[in-house]
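**Student:** heads up, no residue letters with this:
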């Protein structure tokens, strides 16, 4: 599913932010990605959703060697990945409904099915009354839920979430974690970057811990 | 419910605001140039067919009436004995005056002008050698007799018409090139303004052609709107020119007449402008994103 072999990464001529990272994630696994701020958690996620290239080493996703993959093939990989961005990255010109529908539109999903799926998911995440609101009229927590819905609407094989519960209250955080667990049970590999000790305690999955550019795996109790 | 709103808000950014008006101007210029070219083509064909198979013999008029009559009779005899000529007609002074009036007005004293006596000749086919023989035979009667086969004058006129047509086609090409450059500029600006959105759409798995499709249909829409406005303006201008030239009834400025198929061809120009805008935008986006 996700395979990194001695992967390093740097931005421009800056020092390496990730150093010799080797990692193999099995399909259907669930991991937290932890570490102090600036340790490289978001950079590792960026590698995984093909927003950055490793400066060294081999990155394989779904069996494809990303370094050798033509850029035209990237969309096919990205469609199998759901990403929840820390800054949400919603399209301000689209409603909550349209933002969530976007990944399905891109793959040419039938309109009537888009309507059903998107409405159902937005209702599930507690945004039944905000389907046609624009992101700027939503609170931070509501925007985060729209971003999460967009990431999972196409039932991705790999879900990458960067601080997905950062703006949410406790009940909604738990509700969404259960949603991630449900997805995981259906075969989705989940990686959640978080600082929340509480979350890690409540859901004791293994941790990918990054510090000083190096990765260590802390086994979980689940 | 607005289910399939385009991801890129191209209709709201300022980059495409002026494109319809620029396209309208381009189509207006292009249609006038094309109409001129088509009208000239028709006019040249009319000149050519009007003078095809005809020649004119010009007899000198500085002779005494008796000598003039004798020269005319001998000339007609030579013409009638020429096998490839099918018909000839002596044009009298009244008819000659009628032909010249549109050019010189009717207040002139034609008697004071050295206007030659004319004999119109019609033939089905001939060759330069036959024409040279006839000219030789006529000059044997009088070296002052002129045989005008119209070819020199016609060639100059047709050459002039061709030059004007070439100029019109060049203008169409320049307008087309300017349209392409404008659409490229507008598309690149649109891409720059919407860079963040393009990145997000990419990250959710959209291929470049998905983004290109949004730009191409936006440009097609703007191109067609602009083309329609330009076509309407050009159509009104052409009708006005046709009306004005028709009311002048001048032989120097012929009427601007366009056939049904010419109008069909002209109406394709705004559609072509839309298609050019669409394909240019698509190519620009795909090139920029690759």
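**Tutor:** Yep, that arrived. Quick caveat, the model's predicted, so the values are computed rather than measured.

**Student:** can I see the domain layout of chain B?
**Tutor:** B:14-48+B:158-289, B:61-144 (automatic domain parsing).

**Student:** contacts only, for residue 84.
**Tutor:** I'll assume chain A. By C-beta atoms under 8 Å, 6 or more residues apart in numbering or on different chains, the residues touching residue A:84 are A:144, A:147, A:148, A:151, A:159, A:160, A:161, A:162, A:164. C-betas here are computed from N, CA, C, even on glycine.

**Student:** chain B is the one I meant
**Tutor:** Residue B:84 makes contacts with B:123, B:124, B:125, B:126, B:130, as judged by C-beta under 8 Å, 6+ apart.

**Student:** now residue A:208
**Tutor:** Residues in contact with residue A:208 (C-beta under 8 Å, 6+ apart) are A:23, A:31, A:32, A:33, A:34, A:44, A:191, A:215, A:217.

**Student:** out of the contacts of residue A:84, which are inside strands?
**Tutor:** Mapping the contacts of residue A:84 onto strands (DSSP state E) picks out A:159, A:160, A:161, A:162.

**Student:** what does the pLDDT read for the residue of the stretch 101-250 of chain B found nearest chain A?
**Tutor:** Residue of the stretch 101-250 of chain B nearest chain A, by C-beta to the nearest C-beta: residue B:205 (3.6 Å). Turning to residue B:205, the model gives it a pLDDT of 92.

**Student:** same check, this time on residue B:63
**Tutor:** 79.

**Student:** surely it touches residue B:71?
**Tutor:** Yes - Residue B:63 is within contact range of residue B:71, at 6.5 Å (criterion: C-beta atoms under 8 Å).

**Student:** more neighbours: which of those two?
**Tutor:** Neighbour count, other C-beta atoms under 10 Å in any protein chain shown: between residue B:63 and residue B:71, residue B:71 has more, with 19 against 16.

**Student:** verify the contact between that one and residue B:143 for me.
**Tutor:** No - contact criterion C-beta under 8 Å: residue B:71 and residue B:143 do not qualify, at 11.7 Å.

**Student:** now for the chain, the helix or strand with the poorest mean pLDDT.
**Tutor:** The chain I'm using is chain A. Lowest by mean pLDDT, DSSP states H and E among the helices and strands of chain A is helix A:170-185, with a mean of 88.

**Student:** sorry, should have said chain B
**Tutor:** Least confident helix or strand, chain B: helix B:93-104 with a mean of 78, by mean pLDDT, DSSP H and E.

**Student:** rewinding a little: any idea which of the domains of chain B has the lowest pLDDT on average?
**Tutor:** domain B:61-144 (a mean of 85).

**Student:** can you give me the strands in the stretch 1-150 of chain B?
**Tutor:** B:54-59, B:85-91, B:117-123, B:146-148 (DSSP state E, counting those that start in this stretch).

**Student:** next: chain A.
**Tutor:** According to DSSP E, the strands that chain A contains are A:2-9, A:18-25, A:30-34, A:56-61, A:64-65, A:81-84, A:158-162, A:189-193, A:207-211, A:214-218.

**Student:** a markdown table please, covering the ones you listed and showing mean pLDDT and distance to residue A:110.
**Tutor:** A markdown table is the format used below for the strands of chain A (pLDDT from 0 to 100; distance: least, C-beta to C-beta, whole Å):
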| stretch | mean pLDDT | distance to residue A:110 |
| --- | --- | --- |
| strand A:2-9 | 94 | 31 |
| strand A:18-25 | 94 | 32 |
| strand A:30-34 | 96 | 31 |
| strand A:56-61 | 95 | 28 |
| strand A:64-65 | 94 | 28 |
| strand A:81-84 | 95 | 20 |
| strand A:158-162 | 95 | 24 |
| strand A:189-193 | 96 | 27 |
| strand A:207-211 | 95 | 38 |
| strand A:214-218 | 93 | 42 |
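
**Student:** just the ones you listed: most buried one?
**Tutor:** Mean neighbours per residue, mean count of other C-beta atoms under 10 Å in any protein chain shown, is largest over those for strand A:81-84, with a mean of 25.

**Student:** in its sheet, what does it sit against?
**Tutor:** According to DSSP bridges, strand A:81-84 forms sheet pairs with strand A:158-162 (parallel).

**Student:** quick one: work out the angle between the partner strand and strand A:18-25.
**Tutor:** 140 degrees (axes from the mean of the first three to the mean of the last three C-alpha atoms, to 10 degrees).

**Student:** separation between the closest residue to residue A:76 other than its chain neighbours and residue A:105?
**Tutor:** Excluding its sequence neighbours, the residue lying closest to residue A:76 (C-beta to C-beta, 6 or more residues apart in numbering or on different chains) is residue B:205, at 7.7 Å. As judged by C-beta to C-beta, to the nearest Å, residue B:205 and residue A:105 stand 10 Å apart.
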